[in-house]
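Sequence isn't available, so here's the structure alone:
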């Protein structure tokens, strides 16, 4: 039965979610993982590697984000509501990642009891992402390389 209050042809949130963006995001993520694994682990490039590099994962993520963020604004066009929704979508996850980073890095002997660590922590919690000098030896030189995309 059709909902009389909704104009014919008007997309709902459910119909918007039925698309291939998830498939494209999975493929883009797989490309990024493969490229980083080969580079960081110094794995010889397999045959047909040019096919993997022909599908640039990061620019694809940015393009998809442009579509999804604009669609989010269209569903909630009031700036206050839109900003609230973006903050609730981004910051709780970011705060969890930063907390886990501090715990794990502390377990590996990194000291967060300094003014520069406090400055770094405050910057991370508001979304100003960078890797400080005292964490350059953690992992591959960046405590979480994917976070640089948040302010972008």
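Here it is on my side, so go on. Quantities reported herein were computed from a predicted structural model and do not represent experimental measurements.

for the helix or strand hosting residue 59, packing partners?
Element membership of residue 59, judged by DSSP states H and E, is helix 57-75. Packing partners of helix 57-75 (3 or more CB pairs under 8 Å, 6 or more residues apart in numbering; DSSP states H and E): helix 13-17, helix 21-40, helix 79-107. Every residue, glycine included, has its C-beta placed from N, CA and C.

Put together TSV for those helices, with mean pLDDT on each row.
Compiled in TSV, the helices and strands packed on helix 57-75 are given as follows (pLDDT from 0 to 100):
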stretch	mean pLDDT
helix 13-17	60
helix 21-40	89
helix 79-107	93
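
Dump the ones you listed to CSV, plus distance to residue 51.
Listed next are the helices and strands packed on helix 57-75 as CSV, based on distance: least, CB to CB, whole Å:
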stretch, distance to residue 51
helix 13-17, 30
helix 21-40, 10
helix 79-107, 32
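
nearest to residue 140, of these?
helix 21-40 (5.4 Å; CB to CB).

Just give me how far that closest one sits from the chain centre.
Here helix 21-40 is found 13 Å from its chain centre; the criterion is CA atoms, centre = their mean, to the nearest Å.

which of the residues in it are buried?
24, 25, 28, 31, 32, 34, 35 (16 or more other CB atoms under 10 Å).

how about the residues you listed in JSON lines, adding distance to residue 47?
Compiled in JSON lines, the buried residues of helix 21-40 are given as follows (distance: CB to CB, whole Å):
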{"residue": "24", "distance to residue 47": "25"}
{"residue": "25", "distance to residue 47": "26"}
{"residue": "28", "distance to residue 47": "22"}
{"residue": "31", "distance to residue 47": "16"}
{"residue": "32", "distance to residue 47": "20"}
{"residue": "34", "distance to residue 47": "13"}
{"residue": "35", "distance to residue 47": "16"}
